[in-house]
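Asks: Let's see this in three dimensions:
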Amino acid sequence: MIFDELTHIVGGEDFITTNGIKIHNPTLEEIKKYGQFNYLGLIQYITMRAYDNAVELWDNGINYQEVPNFAMFVNNMRMLSVDITKLMFYDLDFTTFEVGASEQNGEMIFSNGEIIIDEVIYREIMEFVRGINYMDEKVEYDMGNNMGVRFLIERMRRKQKKAAGKKPQPFLSNLISSMVCRADFPYDYTSIMSLHISQLYNGFYRTNKSDTAKYLTQAIYAGTVSKKDIANSLLTWYGDLEKSKS
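Replies: Presented below is the predicted three-dimensional model:
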């Protein structure tokens, strides 16, 4: 882990990459003004991998396995104006960046002449953005041959068509209301807006883990389940938190 969990997740502070790029950990109030659906779209765009865009790439004659994730990031970010990215990257204007090659190793870089983003910096950005939004990277399968890729593409295409008819869920509104309505939650609908997005997710997943541990412990004492059938990690309310897959 490149960033510090206590400082950036629990503390809610911004993160500065090795080459000086400052990435914001937005508050709920800032996200509210930006728009929760706009925010979700921005995060998905920043963290998008070739695998996530496999159908569109395939329809353009490209096998996603041949596209580096860093290249996908570069292609996405160079099309976003600073008005869209400023919530996360302040005044850094990605439309002024150009693709080039490193003089040291010849590998691809993304630079505006002063700031250089290479594969290493890209990974730092991904780790922080995914970290504050509690996003675990989904397993990407190596299909091995074109037949396997075609099968995957058609399955993903069916899922996309099914999802196309559904309205987007107000994920942040639901999360906030579910937390505020708890009797033991110390924030109301006004004060919670001062929390950073990482702190909201941290509180939500910690509460969920604590509740799970409590209910399982009660079930064990009641004799309705056997302790040997329950993983110790589920009974430890202060352990590592599970994250959503993305």
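
Asks: For residue 91, give me its contacts.
Replies: Taking Cβ atoms under 8 Å, 6 or more residues apart in numbering, we find residue 91 in contact with residue 82. Just so you know, the C-beta spots here come from the backbone N, C-alpha and C atoms, and that holds for glycine as well.

Asks: What helix or strand is it located in?
Replies: For residue 91, there is no enclosing helix or strand under DSSP states H and E.

Asks: could you measure it against residue 99, distance?
Replies: Computed as Cβ to Cβ, to the nearest Å, the residue 91 to residue 99 distance reads 21 Å.

Asks: could you dump the helix or strand hosting residue 233 to CSV, C-alpha only?
Replies: Per DSSP H and E: residue 233 is located in helix 232-235. C-alpha atoms of helix 232-235 as CSV (Å, rounded to 0.1, in the frame of the first residue of the first chain):
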residue,chain,number,x,y,z
ASN,A,232,-12.5,-16.3,12.8
SER,A,233,-12.3,-13.2,10.6
LEU,A,234,-16.1,-12.9,10.8
LEU,A,235,-16.0,-12.9,14.5
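
Asks: ok, and what's touching that helix?
Replies: With Cβ under 8 Å, 6+ apart as the criterion, helix 232-235 contacts 212-213, 216-217, 239-240.

Asks: Could you do stretch 71-83 as well?
Replies: Residues contacting stretch 71-83 (Cβ under 8 Å, 6+ apart): 45-46, 48-50, 53, 85, 89, 91-95, 97, 99, 108, 110, 117, 122, 125-126.

Asks: where does the chain dip in pLDDT?
Replies: Low-confidence segments of the chain, defined by pLDDT under 70: 1, 138-144, 243-246.

Asks: For it, which segments are assigned as helices?
Replies: For the chain, applying DSSP state H gives helices covering 28-34, 36-47, 54-59, 69-77, 82-89, 119-132, 146-164, 171-180, 197-222, 232-235.

Asks: between the fourth one and helix 82-89, how many degrees?
Replies: Read that as helix 69-77. Put simply, helix 69-77 runs at 130 degrees to helix 82-89, going by axes from the mean of the first three to the mean of the last three Cα atoms, to 10 degrees.

Asks: domain assignment for the protein?
Replies: The chain breaks down into these domains under automatic domain parsing: 5-164, 171-245.

Asks: where's the last one relative to the chain centroid, distance-wise?
Replies: The reference is to domain 171-245. In terms of Cα atoms, centre = their mean, to the nearest Å, the centre of domain 171-245 is found 19 Å from the chain centre.
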